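[1] sequence? don't have it. structure:
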């Protein structure tokens, strides 16, 4: 089942760029935003564990409070929607259990029947230090980032992936720490401003031969 | 510029699943594969630094050699194409310089004119330990993983993200270590087999309210 042609895909991926100036007067429609939220929910993750929570912030005052802790980048406040991708701190057995229960709810059967699958997951989880587990969870959220930006481009929505922020301040302002969450990466979404000179700059990528190797 | 509708996007994302059994007799066409390679090349990354190299392996003998070091998962050998996403070990100033030179090549001007941008990047790079830099690079490759899987789904191509492999063995067999690269994550791509019972299982995701929070 192919939804688009190869050239349609490439047109959208080339159209995408890290938007520096958003048009603060334009808002993403409800239908389009709802699909983008689902692109987050449907993101694949390691063992399907989904060690994340996505904050969708439209409150302008809250976003203005965050701007100074994101290198004063205005995209935080000016985009139509701000997604703060957060991941679980101290991922543990209880989180795996919640996932097993959800599998049982959706596919039927009992969590007990999933003991083998759980055992395999716990072997991996127990083999990682707390720091490695945090990094593992963080990497998962970058799959969501990729799926979200690609989905957005195909829907004609601009995005800007952002790693430049003070994690501690974001966690504090958003009340994440007490809930066992931490900010992993940010992605404002909306519409590029006509004033954004970056929109028309040629895209810079290494030559294909430097990035792709055939074996 | 919207290429697809929200419901087309969701149909494709719901159609996608982590393919357990690929049809080894089916191959991705040249046009489609070429677009998927470009989806890798065009992946956004931190500061546009692209700290990666993507190995596209079609050689079946080489892939059979890798299977035992990926928990004997047959997708490695049976998919049409295997992408091994690798990232730079010990990312350093020379890598940033290569990127600055590429910007100058494509956008004109000299690398000297980019000194301010380079300074900002080096401040970030120098603020990270070698281990943190390795994790930073690894996370970038997960953006590529997300963009690749989403792109594939829209083109009707099946994928399976894989973290279950022995990094040391992959690096050794593929001769990566000496080149300053290490395996980050794997993604076989091709067509699901009619025998894959996982294809028809209901997708398991946490409830929207558990994953998305509006502020």
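    Good, I have the coordinates. All of these numbers come straight from a predicted model, not from anything done at the bench.
[2] what's around the closest residue to chain B within chain A, how many residues?
    Chain B sits closest to residue A:146 of chain A, with a gap of 2.1 Å, by CB to the nearest CB. For the C-beta atoms, the positions are set from N, CA and C on the backbone; glycine is no exception. Counted by other CB atoms under 10 Å in any protein chain shown, the residues lying close to residue A:146 total 27.
[3] shouldn't it be within a helix?
    Yes. Checked against DSSP: H, G, I helix; E, B strand; the rest coil, residue A:146 lies within a helix.
[4] that one and residue A:159, how far apart?
    11 Å (CB to CB, to the nearest Å).
[5] likewise for residue A:69?
    Residue A:69 is 20 Å from residue A:159, by CB to CB.
[6] what about these two, which has more around it?
    Using other CB under 10 Å as the criterion, residue A:69 and residue A:159 rank with residue A:159 on top: 28 against 18.
[7] next up, the contacts around the more buried one.
    A:16, A:18, A:19, A:148, A:149, A:152, A:153, A:187, A:188, A:189 (CB atoms under 8 Å, 6 or more residues apart in numbering or on different chains).
[8] please apply the same query to residue A:87.
    A:51, A:52, A:53, A:134, A:137, A:138, A:140, A:141, A:181, A:182, A:184.
[9] which of the three states applies to it?
    In three-state terms, and counting by three-state DSSP, residue A:87 is strand.
[10] now the closest residue to it other than its chain neighbours, what's its secondary structure?
    Leaving aside its sequence neighbours, residue A:87 sits nearest to residue A:137 (CB to CB, 6 or more residues apart in numbering or on different chains; 3.9 Å). When classified by three-state DSSP, residue A:137 comes out as helix.
[11] also residue A:205?
    coil.
[12] pull the number of nearby residues for it.
    18.
[13] measure the most centrally placed residue in chain A to residue B:213 for me?
    Nearest to the mean C-alpha position of chain A, counting by CA atoms, centre = their mean, stands residue A:145 at 3.3 Å. According to CB to CB, residue A:145 and residue B:213 sit 17 Å apart.
[14] contacts for stretch A:49-60?
    A:37, A:40, A:43, A:45, A:63, A:66, A:77, A:80-88, A:91, A:95-96, A:99, A:121, A:136-137, A:140-141, A:144, A:174, A:181, A:184, B:205-206, B:210-215.
[15] avg pLDDT for that stretch?
    Regarding stretch A:49-60, the rounded mean pLDDT is 98.
[16] what about the contacts of residue A:87, which are in helices?
    Counting by DSSP state H, the part of the contacts of residue A:87 found in helices is A:134, A:137, A:138, A:140, A:141.
[17] just give me the neighbour total for the third one.
    Burial measure for residue A:138: 23 neighbouring residues, criterion other CB under 10 Å.
[18] in chain A, where is pLDDT below threshold?
    Low-confidence segments of chain A (pLDDT under 70): none present.
[19] longest strand of it, counting residues only.
    strand A:181-190 (DSSP state E).
[20] and that strand, what's buried?
    Neighbour-count burial for strand A:181-190 flags A:181, A:182, A:183, A:184, A:185, A:186, A:187, A:188, A:189, A:190 (criterion: 16 or more other CB atoms under 10 Å in any protein chain shown).
[21] now do the contacts for the nearest residue to residue A:163 once chain neighbours are set aside.
    Spatially, and ignoring its direct neighbours in sequence, residue A:163 is nearest to residue B:46 (5.4 Å; CB to CB, 6+ apart). When contacts are counted by CB under 8 Å, 6+ apart, residue B:46 touches A:161, A:163, B:136, B:140.
[22] follow-up on the earlier one: quick one: the residue of chain A closest to chain B from residue A:102, how far?
    Per CB to CB, residue A:146 is found 23 Å from residue A:102.
[23] same question, residue A:143
    With the distance defined as CB to CB, residue A:143 ends up 19 Å from residue A:102.
[24] which ones are touching residue A:199?
    A:17, A:19, A:192.
[25] how about the strands of chain A, start to end?
    For chain A, strands defined by DSSP E occupy the ranges A:52-57, A:81-88, A:158-159, A:181-190, A:212-214.
[26] nearest to residue B:125, of those strands?
    Nearest to residue B:125 among the strands of chain A is strand A:181-190 (17.6 Å), distances taken as CB to CB.
[27] the closest one versus strand A:52-57: what angle between them?
    50 degrees (axes from the mean of the first three to the mean of the last three CA atoms, to 10 degrees).
[28] just want the angle from strand A:181-190 to strand A:81-88.
    Using the same axes, to 10 degrees: strand A:181-190 against strand A:81-88 is 160 degrees.
[29] elements contacting strand A:181-190?
    helix A:75-78, strand A:81-88, helix A:130-154, strand A:158-159, helix A:167-173 (3 or more CB pairs under 8 Å, 6 or more residues apart in numbering or on different chains; DSSP states H and E).
[30] closest to residue B:169 out of these?
    helix A:130-154 (19.0 Å).
[31] what is that closest one packed up against?
    Helix A:130-154 is packed against helix A:6-15, helix A:30-41, strand A:52-57, strand A:81-88, strand A:158-159, strand A:181-190, helix B:6-15, helix B:130-154, with contacts defined by 3+ CB pairs under 8 Å, 6+ apart.
[32] so it versus helix A:30-41, what angle?
    Using the same axes, to 10 degrees: helix A:130-154 against helix A:30-41 is 150 degrees.
[33] regarding the spatially closest residue to residue A:134 that is not a sequence neighbour, what are the backbone dihedral angles?
    Excluding its sequence neighbours, the residue lying closest to residue A:134 (CB to CB, 6+ apart) is residue A:89, at 6.5 Å. Dihedral pair for residue A:89: phi -90, psi 130, per degrees, to the nearest 10.
[34] quick one: contacts for residue A:89?
    A:134, A:177, A:180, A:181, A:182.
[35] so residue A:205 sits against residue A:212, correct?
    No. Look at residue A:205 against residue A:212 with CB atoms under 8 Å: they stay out of range, at 10.8 Å.
[36] what residues do the two have in common as contacts?
    residue B:41.
[37] residue A:176: how many residues sit nearby?
    As a burial measure, residue A:176 scores 20 neighbours (other CB under 10 Å).
[38] residues in contact with it?
    So residue A:176 contacts A:86, A:170, A:182, A:183 (CB under 8 Å, 6+ apart).
[39] count of residues packed around the first one?
    For residue A:86, the count of nearby residues is 26 (other CB under 10 Å).
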